Every structure is written in C-alpha cells, then in structure tokens.
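J.: with the sequence up front, the predicted model follows.
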Amino acid sequence: MDDSFAYAPIARRGTIGELYPWPHWMKEIFQFVWFSFLRYIRPRYYMHLAYSAQRAVEENINLPFIYFLDSGRSALVCALRALGVGAADEVILSSFNCPAVIDAICSVGATPVFVDVNNRGGINVDDLERRITFRTKALLVTHIYGIVEDLSVLQAIATKHHCAIINDLAQTFELLNSPKRLHENGDISIYSFGAEKHIHAWGGGSIGTHDAELSKKIQEVVLSISIETHLARYCLERFLYYIRFYLYRTLPRVLILNLHTHKSSTDIVVHEQITPRTIHPFQLFLLDQKLKTYPAEQKETIANAKLLEEKLGQHMFLADARHSNSHLLYATIIVDPEKRFMIARRLAKDGIQTTWNYVPLYYYEAYEKYQKGEYPSTERLWKQVLSVPFRYPLTRHRVQEIAERILAHIHED
Ligand SMILES: Cc1ncc(COP(=O)(O)O)c(C=O)c1O
C-alpha cells in the first residue's frame with residue numbers, strides 16, 4: 001500500500017496527547033504507587049477500596065449482569081466464548097474496523113466475515129443479508145467513531161437468522177442522562193476503557209448482559225480466567241508510545257528514520273492471539289474516579305464537537321451524529337483522497353496531529369484471506385476520512401484554531 005494512505009504524518013510541533021488525551025497521568029501514577037503499597041501494608045483496606053469502586057461502577061453503568069476484564073478485546077473474546085462460538089462458526093463484522101475486533105474472532109478460532117459499510121460507516125444491511133449463512137453464529141456491531149448503529153434493524157435480521165448480536169460499545173459513551181441505555185440492545189454488550197477511548201482506565205474492559213441465562217455462561221468464562229493484568233507493563237508501554245512521538249518531534253530527522261510509530265501497524269502479518277486477563281483493582285479504582293468527573297468533561301467535549309461542526313459545516317463526517325445518545329469518539333472530516341496526505345502534512349506542520357481510521361481490514365496480510373468479493377462503500381470511505389483533535393481538555397480557543405487551519409488547508413492547492 002502507498003505510504004501516503006498507510007499512516008498520517010507526525011506533527012513535529014504539537015502533541016499526540018491532543019488526539020488521545022491523558023490529562024491526569026502524573027496524578028494517576030502516584031495513585032498507582034500508593035495503591036500498590038496499600039496492597040502489602042493494608043490489604044483489607046485495599047480490598048475494600050477495590051470492592052467499593054466496583055460497586056460504584058456497576059451502579060453507574062447500570063447493567064444487571066456485568067463483569068470486568070483487563071481490556072475491551074478480552075471482553076470480546078469472553079463474549080464469543082460465552083456464546084459458544086468456535087472453529088466451525090462464522091462471525092460477521094464491518095470491514096471498516098479496528099484490528100482488535102477481528103483478532104478477538106480469530107482468537108476463538110472462528111472465521112471472520114466482512115460486511116460492507118453504509119454511508120454512516122456502519123453495517124450495510126443489504127450486504128449483511130447476503131453474507132449471513134447457516135454458519136453465522138454472531139454479528140459484531142462496533143458503532144465506529146461513536147456513531148450509533150440502528151440496532152433495531154440489525155436485531156430483526158439477527159433474530160430472523162438465529163444469530164446473536166455482540167454490541168461492542170468500545171467507541172461509544174452514552175450521554176449520561178440518556179433515558180434508554182445502549183447496552184439494552186443485543187445479547188451481550190462490551191465496553192473498553194483503553195487509552196484511545198472516552199474513559200481511560202489504563203486499559204480496562206467490561207462485558208455484560210440483561211439475560212440471566214447468558215450471564216451464567218459469561219460468569220463461567222470470566223471465572224475461569226486466572227491470569228493477572230500487568231498494569232505496570234501497560235503503563236510503560238503507553239509511555240513508550242508517547243515518548244516515540246516526543247522523540248520524533250525533538251530529535252533531528254536523521255536519527256529517527258526507523259522510529260515512525262505508525263509504520264509497524266500498517267501491516268499486521270499475523271493476528272494477535274488475545275489471552276483474557278482479570279481486571280486489576282487499580283483499574284476499577286480509576287474507572288470509578290473517572291466516571292465521577294466524566295459528565296463535566298463530556299460537556300466540554302460535546303461543546304468542542306459542536307464548535308467544529310459550526311466551523312467546518314459540510315466537511316464534517318456526519319454532523320448529525322451528535323444527536324444520537326452517544327457522542328463522538330473521533331471528530332472526522334471528509335476530504336478529497338488525493339489531498340488527504342497533503343492536508344494532514346500541512347496540519348502536522350502547524351502542530352496539529354491527525355489520524356485516519358481505518359484501513360480496511362482485508363488490506364492487512366493477516367486478514368486478506370477473509371476478503372470475499374467487493375466492498376465498494378468501504379473502498380470509497382476509507383481514503384476520505386481524516387480525524388482531528390477535539391476532546392477535553394482542549395479549549396474552545398484551540399478547537400477554533402484547529403478548525404481555521406483545516407479550512408485554510410482544504411482550500412489551498
Ligand atoms: C470497536 C472496538 N472494539 C474493541 C476494541 C478493543 O478494546 P481494547 O483496546 O480495550 O482492547 C477497540 C479498540 O481497540 C475498538 O475500537
């Protein structure tokens with residue numbers, strides 16, 4: 001694949017933290033050290049903190065049966081196992097998707113089946129009807145960019161063909177005052193609290209259902225997991241990720257020719273075999289803490305998204321998406337594919353880091369064998385999308401500046 005489609009250029013000024021904010025990282029590291037000491041010094045108090053955090057999070061998410069894991073991808077693997085998905089089965093997912101989703105399907109030995117997208121980046125219903133077979137055991141719905149799919153339509157199709165729906169809410173986060181929760185749809189819902197997501201709890205995840213029978217199966221799967229999360233390693237890896245961007249900005253170009261952060265991810269040669277791990281008590285503690293401050297931060301993010309929409313108008317991908325009951329994870333504009341790399345490079349020079357998600361999954365060596373036929377809408381969409389920073393703690397002033405630079409570069413030749 002041409003490099004100019006493979007990855008967005010890295011901003012030599014500016015920061016990746018604007019795109020994937022981690023505002024209180026220093027405080028969290030101190031809290032982690034304190035939490036780790038407590039485990040040895042006052043184990044009962046440590047357990048009490050973890051237990052009460054878990055209760056508070058459960059209340060907040062408000063799913064009747066919910067279990068916690070180290071990550072969203074582990075939650076997906078557990079969901080597939082609880083549904084009894086195995087080697088003889090097929091699982092349908094959109095081809096315009098995060099690699100972690102297909103990795104989960106491959107990890108249980110099932111066959112992923114790609115479906116084309118619709119004009120909202122979601123599942124194309126006509127194509128879906130064509131691709132369901134008697135082997136289809138589940139439909140994995142991912143609400144890309146936080147744009148919520150029409151789950152009632154997908155549910156009707158799934159029911160007709162006796163397949164389950166896994167409602168992957170990793171990229172959504174509901175407006176907390178929404179009367180109907182997104183997790184009321186589908187058979188099993190999962191959340192991710194990874195670094196790029198709405199709430200970053202050092203990579204946690206959860207799985208839940210409203211169905212008591214299914215919950216027993218999920219419980220069985222989750223209770224069989226005995227491997228603990230390496231939280232210190234998670235934290236270190238995250239730091240290395242940011243440090244690579246920092247070095248790229250700081251060091252002379254000649255020293256960092258091999259440091260291009262995105263390059264390694266543009267060709268996935270083998271799928272990641274996901275081994276689910278238990279959630280770390282500190283992840284629960286963080287999650288509880290972050291859910292408390294989230295409503296205020298969410299307000300800021302929504303106001304920033306609204307400002308971008310006002311400024312960028314028809315360039316925004318689905319400006320109406322904020323009217324659903326989840327707000328966006330990515331603020332994405334649609335640009336001419338021929339100009340995308342140039343616009344991203346000029347924004348990078350202005351110190352504005354951009355990204356593009358996703359390269360269709362069948363472009364990666366590890367997944368190309370699952371390509372069956374054509375995906376015309378995916379082909380049209382993926383080269384046009386360009387996501388820009390907008391989330392809290394960005395100020396309105398900064399978002400305005402970003403919008404102005406985007407407009408200037410879109411209209412430049
Ligand atoms: C739609 C979707 N589902 C699941 C995941 C996996 O979540 P995690 O990174 O917490 O494993 C991701 C992101 O990585 C995602 O974008």
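T.: Noted; the coordinates are in hand. Numbering: from 1, shown residues only.

J.: if I look at the residue lying closest to Val269 once chain neighbours are set aside, how far off is Ala138?
T.: Leaving aside its sequence neighbours, Val269 sits nearest to Glu365 (Cβ to Cβ, 6 or more residues apart in numbering; 4.9 Å). Every C-beta, even on glycine, is put in place using the N, C-alpha and C of the backbone. Counting by Cβ to Cβ, to the nearest Å, the separation of Glu365 from Ala138 is 25 Å.

J.: of these two, which one has the most company?
T.: Neighbours per residue (other Cβ atoms under 10 Å) separate Glu365 from Ala138, with Ala138 holding more: 25 against 10.

J.: next, that one: secondary structure please.
T.: Taking DSSP: H, G, I helix; E, B strand; the rest coil as the rule, one finds Ala138 in the strand state.

J.: where's the residue nearest to Val269 relative to Gly109, distance?
T.: From Glu365 over to Gly109 (counting by Cβ to Cβ), the distance is 19 Å.

J.: other residues contacting the host helix or strand of Thr378?
T.: In the assignment (DSSP states H and E), Thr378 maps to helix 376-382. Residues outside helix 376-382 that contact it (Cβ atoms under 8 Å, 6 or more residues apart in numbering): 94-96, 116-119, 121, 124, 356, 358-360.

J.: low-confidence ranges, the protein, go.
T.: The model of the chain has pLDDT under 70 over residues 1, 175-177, 252-266, 319-325.

J.: please list the residues of the protein that sit near the ligand.
T.: Contact residues (Cβ under 6 Å from any ligand atom) of the chain with the ligand: 71-73, 76, 98, 100-101, 142, 168, 170-171, 192, 194, 203, 205.

J.: could you single out the nearest of the residues you listed to Arg42?
T.: Gly203 (25.5 Å; Cβ to Cβ).

J.: number of residues surrounding the closest one?
T.: 26.

J.: go on, the one 3 residues further on?
T.: Using other Cβ under 10 Å, Ser206 is surrounded by 28 other residues.

J.: gap between the helix or strand hosting it and the chain center?
T.: Element membership for Ser206, per DSSP H and E: strand 204-209. Relative to its chain's centre, strand 204-209 lies at 14 Å (Cα atoms, centre = their mean, to the nearest Å).

J.: buried stuff in that strand?
T.: By neighbour count on 16 or more other Cβ atoms under 10 Å, the buried set for strand 204-209 is 204-209.

J.: where does the residue minimising distance to the centre of the chain land in three-state SS?
T.: Nearest residue to the geometric centre of the chain (Cα atoms, centre = their mean): Gln171, 4.4 Å. Counting by three-state DSSP, the backbone at Gln171 sits in coil.

J.: just the closest of the buried residues of strand 204-209 to the ligand, please.
T.: Gly205 (5.0 Å; Cβ to the nearest ligand atom).

J.: distance of the closest one relative to Phe282?
T.: According to Cβ to Cβ, Gly205 and Phe282 sit 14 Å apart.

J.: does the residue nearest to the centre of the chain touch Ile199 like I think?
T.: No: Gln171 is beyond contact range of Ile199, at 11.8 Å (criterion: Cβ atoms under 8 Å).
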